[in-house]
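>>> Below are the sequence and a predicted model for it; my questions follow.
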Amino acid sequence: MAIRCPGCGREYDVTLFQFGRTLRCTCGQLVGLEHRVHPLVDPASPRFIADAMLGRLARWLRTLGHDTAYDDAIADEVLVRRALEEGRHLLTRDRRLFDEWRIGGGVLIDSDRPLDQLREVVRALHLPPPGRLFTRCRVCNGVLHTVDTEEVAGRVPPRVRERTRDFAACATCGRIYWEGSHTDRMRAVLAGLFVRL
Ligand SMILES: [Zn+2]
Ligand SMILES: [Zn+2]
């Protein structure tokens with residue numbers, strides 16, 4: 001099968017357009033698939049991959065419990081491939097990326113403020129209000145599991161250990177999390193965000 005350049009009619013083999021890739025024809029036209037390729041996303045538990053400019057947005061999505069891949073040095077091609085192969089919504093601030101790769105299911109983020117970016121994602125994909133927060137590591141995306149007070153000895157400040165009963169640890173990086181005024185604030189911010197859509 002061949003893809004025809006809309007400018008000069010020159011034909012290109014379809015395999016050149018894998019993952020929605022486009023190419024620049026010798027006549028100057030951008031050539032690509034007519035329709036975007038869509039990652040196979042699960043609406044019940046959407047997963048994301050965020051571009052290098054969206055690190056703080058990635059952390060908020062993880063706070064909401066969403067599996068969100070993020071790497072601050074990831075190349076466009078890898079970003080797109082992972083979105084398609086792993087069924088993730090691609091989140092990017094880069095319009096050029098959306099033109100050069102005909103991939104669907106993504107959100108082109110406009111704002112440079114993390115919470116406004118989150119609002120854009122929630123709106124665009126109709127994300128439901130969060131259920132349980134803090135099930136996933138904000139830093140590495142690993143899944144959190146409950147740990148006993150004894151297990152966190154030496155790994156959290158002594159004052160925190162005296163006051164807190166519920167700790168969670170990241171299965172991937174080992175980071176310890178606990179409830180406190182910081183999580184109360186985050187909960188309030190997120191509740192407000194989902195109310196004022
Ligand atoms: Zn051409
Ligand atoms: Zn972690």
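Yep, that arrived. Ligands and ions are numbered 1, 2, ... in the order given.
>>> which residues touch residue 38?
Applying CB atoms under 8 Å, 6 or more residues apart in numbering to residue 38 gives the contacts 103, 104, 105. Yep, even glycine has a C-beta here, placed from its N, CA and C like the rest.
>>> Return the entry from those with the maximum number of neighbours.
residue 103 (24 neighbours; other CB atoms under 10 Å).
>>> any idea how far that residue is from residue 122?
Distance of residue 103 to residue 122, given as CB to CB, to the nearest Å: 20 Å.
>>> from the chain's centre, how far out does the helix or strand of the chain with the lowest mean pLDDT sit?
In the chain, the helix or strand scored least confidently by mean pLDDT, DSSP states H and E is helix 158-163, which has a mean of 88. From the chain centre to the centre of helix 158-163 is a distance of 33 Å (CA atoms, centre = their mean, to the nearest Å).
>>> buried residues in it?
Within helix 158-163, the residues scored as buried using 16 or more other CB atoms under 10 Å are residue 161.
>>> Which residues are in contact with residue 155?
Residues in contact with residue 155, defined by CB under 8 Å, 6+ apart, are residue 176.
>>> can you give me the end-to-end distance of stretch 103-112?
Using CA to CA, to the nearest Å, the end-to-end distance of stretch 103-112 comes to 22 Å.
>>> Which residue ranges of the chain form helices?
55-63, 76-86, 95-100, 114-125, 158-163, 181-195 (DSSP state H).
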